[in-house]
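Participant: sequence? don't have it. structure:
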């Protein structure tokens, strides 16, 4: 809950919410940026004069189509309550109960407009107990998840092969995300003397093909590692370009001639090494397995260009992937670091299955 509250901080949204019952219990929300309200209304017949009524009707139609897709796949009817219009700040946009408890299933879908700057988000929070019965009783690829992820059956030796991550192990894997991030932050603090903290750590289960677009085209600098041992995959530690320059400068005795070359590059590689060791040591201890990593590969490019080769390599074996989002901040310098952990799904499933049998 705390992670979601932080992730949604600063947003202002308008939209509609509906309750769900029948084939799927819970709540679903359609929301968009409140700053785009006038642009949305200008596109709707009579929208400017109808105000919230127009928004409510659009939400009702869009959510109806979204839930029809779920109902068709599940082979069961999903009933929804009449739409309720809302205006919300921050995480208040999320369905009731999203911030309660230790973790939730939160499904997020985005609808992008090709001609106007209007991006809609659909959030669905299913009742945890009913949803557990649903995914245990029906083998199905999961779509996406936040807070705690959802298990799927893709990702064996080839895309589409059956490899299920045990439902009971998802909370364990979510805690690994937090523990690894905290260890990485501690290692930064010991190495640099800078007060370091983890801001956000969420576990998501998403189509691999979507990840580069999520990272975006902004320039990043950092390090990429290949994970080796019983759990393979990749770990990318990416600093925003200005953050990388600031962190490297703080680690060097004199200001480098090239902010991200030579000595600065070596400093960031050394930092990436200690961060990665802290990250995967927590995994290995909990899972009772051996995980090592390759030497650091320095990267300085658009975020999507950095992530795309990793996704392509994993994509030969699986269509979906677990992504651990961690934002690490250091005090004393304006720096932010994002950690993208992309484990091999089949090997992760085997390790978690062994853990659940102990």
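Facilitator: Yes, it's here. This one's a predicted model, so the numbers in the text were calculated from it and none came from an experiment. Numbering: from 1, shown residues only.
Participant: tell me how many other residues crowd the nearest residue to residue 23 once chain neighbours are set aside.
Facilitator: Distances taken as CB to CB, 6 or more residues apart in numbering put residue 76 closest to residue 23, at 3.3 Å, once the chain neighbours are dropped. Using the backbone N, CA and C atoms, a C-beta is placed for each residue, glycine as well. When counting by other CB atoms under 10 Å, one arrives at 13 neighbours for residue 76.
Participant: assign a three-state SS to residue 76, would you?
Facilitator: coil (DSSP: H, G, I helix; E, B strand; the rest coil).
Participant: OK, contacts around it?
Facilitator: Residues in contact with residue 76 (CB atoms under 8 Å, 6 or more residues apart in numbering) are 22, 23, 24.
Participant: top of the residues you listed by number of neighbours, please.
Facilitator: The residue in the contacts of residue 76 with the most neighbours, by other CB under 10 Å, is residue 24 (22 neighbours).
Participant: name the element it belongs to?
Facilitator: Using DSSP states H and E, no element contains residue 24; it sits outside every helix and strand.
Participant: my read is that residue 310 contacts residue 235, right?
Facilitator: No: between residue 310 and residue 235 there is no contact under CB atoms under 8 Å: 9.1 Å.
Participant: which of those two has more residues huddled nearby?
Facilitator: residue 235 (26 against 21).
Participant: quick one: secondary structure of the closest residue to the more buried one other than its chain neighbours?
Facilitator: Distances taken as CB to CB, 6+ apart place residue 225 nearest to residue 235, at 4.7 Å, with adjacent residues excluded. For residue 225, the assignment made with three-state DSSP gives strand.
Participant: then residue 281?
Facilitator: helix.
Participant: coming back round to it: lowest-confidence entry in the contacts of residue 76?
Facilitator: For the contacts of residue 76, the weakest pLDDT value sits at residue 23, with 83.
Participant: what do residue 310 and residue 235 both touch?
Facilitator: In contact with both residue 310 and residue 235: 224, 340, 342, using CB under 8 Å, 6+ apart.
Participant: just for this structure, where's the confidence low?
Facilitator: Applying pLDDT under 70 to the chain flags the ranges 46-51, 101-103, 115-117, 136-168, 200-201, 355-358.
Participant: could you find the closest non-adjacent residue to the residue nearest to the spatial centre of it?
Facilitator: When CA atoms, centre = their mean is applied to the chain, the residue found nearest the centroid is residue 204 (4.3 Å). Among residues not flanking residue 204 along the chain, residue 323 sits closest, at 4.8 Å (CB to CB, 6+ apart).
Participant: burial check on that neighbour, number of neighbours?
Facilitator: Residue 323: 25 neighbours (other CB under 10 Å).
Participant: and the gap between it and residue 173?
Facilitator: Counting by CB to CB, to the nearest Å, the gap from residue 323 to residue 173 is 12 Å.
Participant: what's the answer for residue 111, then?
Facilitator: Counting by CB to CB, the gap from residue 111 to residue 173 is 29 Å.
Participant: next: residue 185.
Facilitator: Taking CB to CB, one finds residue 185 at 19 Å from residue 173.
Participant: that older thread, any chance of the contacts of residue 76 in CSV, plus distance to residue 327?
Facilitator: Formatted as CSV, the contacts of residue 76 follow (distance: CB to CB, whole Å):
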residue, distance to residue 327
22, 38
23, 36
24, 32
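Participant: which one of those residues is nearest residue 258?
Facilitator: Taking CB to CB as the measure, residue 258 sits nearest to residue 24 out of the contacts of residue 76, at 55.1 Å.
Participant: the closest one contacts residue 78, correct?
Facilitator: Yes: using CB under 8 Å, residue 24 and residue 78 qualify as a contacting pair, with a distance of 4.9 Å.
Participant: so which strand or helix has residue 62?
Facilitator: Using DSSP H and E, residue 62 falls in helix 52-74.
Participant: who does that helix touch, helix- and strand-wise?
Facilitator: Packing partners of helix 52-74 (3 or more CB pairs under 8 Å, 6 or more residues apart in numbering; DSSP states H and E): strand 12-22, strand 26-33, helix 37-43, strand 78-80, strand 84-89, strand 119-126.
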